[in-house]
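# what shape does this take:
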Amino acid sequence: MSKLPNTTASIFSVMSQLAKKHNAINLSQGFPNFPVDERLLDISKRLLTENIHQYTPMAGLPSLLDKIAQLTKKSYLRTIDTATELLVTTGATQGIYTVISTFINHNDEVIILDPSYDSYEPSVLVAGGKPVRVSLNDDYSPNFDRIAAAITPKTKMIIVNNPHNPTGKIWSEHEFEALESLLDKHPEVLLLSDEVYEYISFKHSHISVNSRPKLIDKAIIAASFGKSLHVTGWKVGYLVAPERLMKEIKKIHQFLVFSVNSFSQHVISEYLDIVDFVEVSAMYERKRILFQELLKESQFELLPCEGTYFQLASYRKISNQNDMEFAKDLISKYGVAAIPVSAFYKDATDKKMLRFCFAKADETLTAAANRLYGIKVSV
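Below you'll find the predicted structure:
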């Protein structure tokens, strides 16, 4: 008996495989194709021969925990107890799965805001819970009337993602105040805040739940070094949570992973002493501007991108196809892979929208834009 009878290969795998089959430029899956920082490689080479290849403590390498605490203090003015409020995970996805497995029981309801990252719902289903999908507004801001209406006595958790994948939307101060007011009325509901793109924001500064005193006691925050340091293949992330919640999370984590890759933890621990997250954000902003400028005169309509390394684009002027068909034709006929945004909705809402990843080398973005720029008729 399958626990996920309706789950197939993720849209990211499907589009990446099609891109490979047709030798297309892959702007679908969210990973950089440019080299990592030479300084990170230098640290890696030096540490490779050192005696650092055995288990680290279950919660994480002590020096890395200290560096994360320092980073959180610098970024959000939050003081973290590294012994009781912090956990290194095998990427944010494992952290999110662990949190859901820890707190969601049979028939517990979890509110997920659509469009949403595809790992949330399966994690809830495996835990025996019930995903409750609530659509964002047309501009992808949260609709608190809908969220409030979705809360029942069975609601155990709300999952938010900020900066938002796939839309690039960043929550405002007003929206956080509305969330705080809502959760004040429902103190039993936990908040899982997916903040993996926290250091990739542009016009509007990212507001972290770490900086919201009214939310901290009920919130678990998921972060990702894979995204922040563009080393997605290293699969190193972390969770921040109050002691009463983290104590329970660690009980599950120790039997899923026990300890995360020791080498990666040692390297990242040293690298955090020299990396500048302001420059990371600036680098991605340059790529965002480049990609937008390259497509400015195309038939695609680009939506605002406030954070993440994803650009939404409407193709309404080009085709009446549904977004899945259009995305597949884009690969086979024009050699560019993107993600159809309907894949992020429970009901496959089709707004004639694609998600492009601009975390690519400039020449890759230029080559892709040249192909996209030439599309003027229905494909």
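
# okay, now residue 284: neighbour count?
Neighbourhood size, residue 284 [other Cβ atoms under 10 Å]: 23. C-beta here means a position set from N, CA and C on the backbone, and glycine is covered the same way.

# what ranges of the chain fall below the confidence cut-off?
For the chain, the stretches flagged by pLDDT under 70 are 376-379.

# looks to me like residue 274 is in a strand.
No. Read with DSSP: H, G, I helix; E, B strand; the rest coil, residue 274 is coil and lies in no strand.

# now do the contacts for the closest residue to it other than its chain neighbours.
Leaving aside its sequence neighbours, residue 274 sits nearest to residue 39 (Cβ to Cβ, 6 or more residues apart in numbering; 6.0 Å). Contacts for residue 39 (Cβ atoms under 8 Å, 6 or more residues apart in numbering) come out as 271, 274-275.

# so residue 39, which of the three states?
Quick answer, by three-state DSSP: residue 39 is helix.

# what about the spatially closest residue to residue 273 that is not a sequence neighbour, which helix or strand?
Nearest non-adjacent residue to residue 273, counting by Cβ to Cβ, 6+ apart: residue 67, 7.4 Å away. Per DSSP states H and E: residue 67 is located in helix 62-76.

# may I see the buried residues of that helix?
Judged by neighbour count using 16 or more other Cβ atoms under 10 Å, the buried positions of helix 62-76 are 64-69, 71-72, 76.

# again, but for stretch 77-97
Here stretch 77-97 shows 78, 80, 82, 85-97 as buried, counting by 16+ other Cβ under 10 Å.

# one more: stretch 13-31?
In stretch 13-31, counting by 16+ other Cβ under 10 Å, buried: 14-16, 18-19, 22, 24-31.

# now, which of the residues you listed sits nearest residue 224?
residue 30 (10.7 Å; Cβ to Cβ).

# measure the closest one to residue 360 for me?
Distance of residue 30 to residue 360, computed by Cβ to Cβ, to the nearest Å: 10 Å.

# over to residue 221?
From residue 221 to residue 360 the distance is 28 Å (Cβ to Cβ).

# tally of neighbours for the nearest residue in space to residue 306 that is not next to it in sequence?
Counting by Cβ to Cβ, 6+ apart, residue 306 lies nearest to residue 170, which is 4.2 Å off, once chain neighbours are set aside. The number of residues packed near residue 170 is 24, by other Cβ under 10 Å.

# ok, now which ones touch residue 170?
Going by Cβ under 8 Å, 6+ apart, the list of residues near residue 170 reads 162-164, 201, 204-207, 306-307.

# pull out the buried residues from the residues you listed.
The buried subset of these - by 16+ other Cβ under 10 Å - is 162-164, 201, 206-207, 306-307.

# closest to residue 280 among those?
residue 201 (10.4 Å).

# from memory that closest one sits against residue 284, does it?
No. Using Cβ atoms under 8 Å, residue 201 is not in contact with residue 284, being 9.1 Å away.

# show me the helices in this structure, by range?
11-21, 38-48, 62-76, 91-103, 120-126, 144-150, 173-184, 213-216, 225-228, 243-256, 262-271, 277-294, 323-334, 362-373 (DSSP state H).

# what's the local residue count around the nearest residue to residue 108 once chain neighbours are set aside?
Distances taken as Cβ to Cβ, 6+ apart put residue 156 closest to residue 108, at 4.0 Å, once the chain neighbours are dropped. By other Cβ under 10 Å, the residues close to residue 156 number 20.
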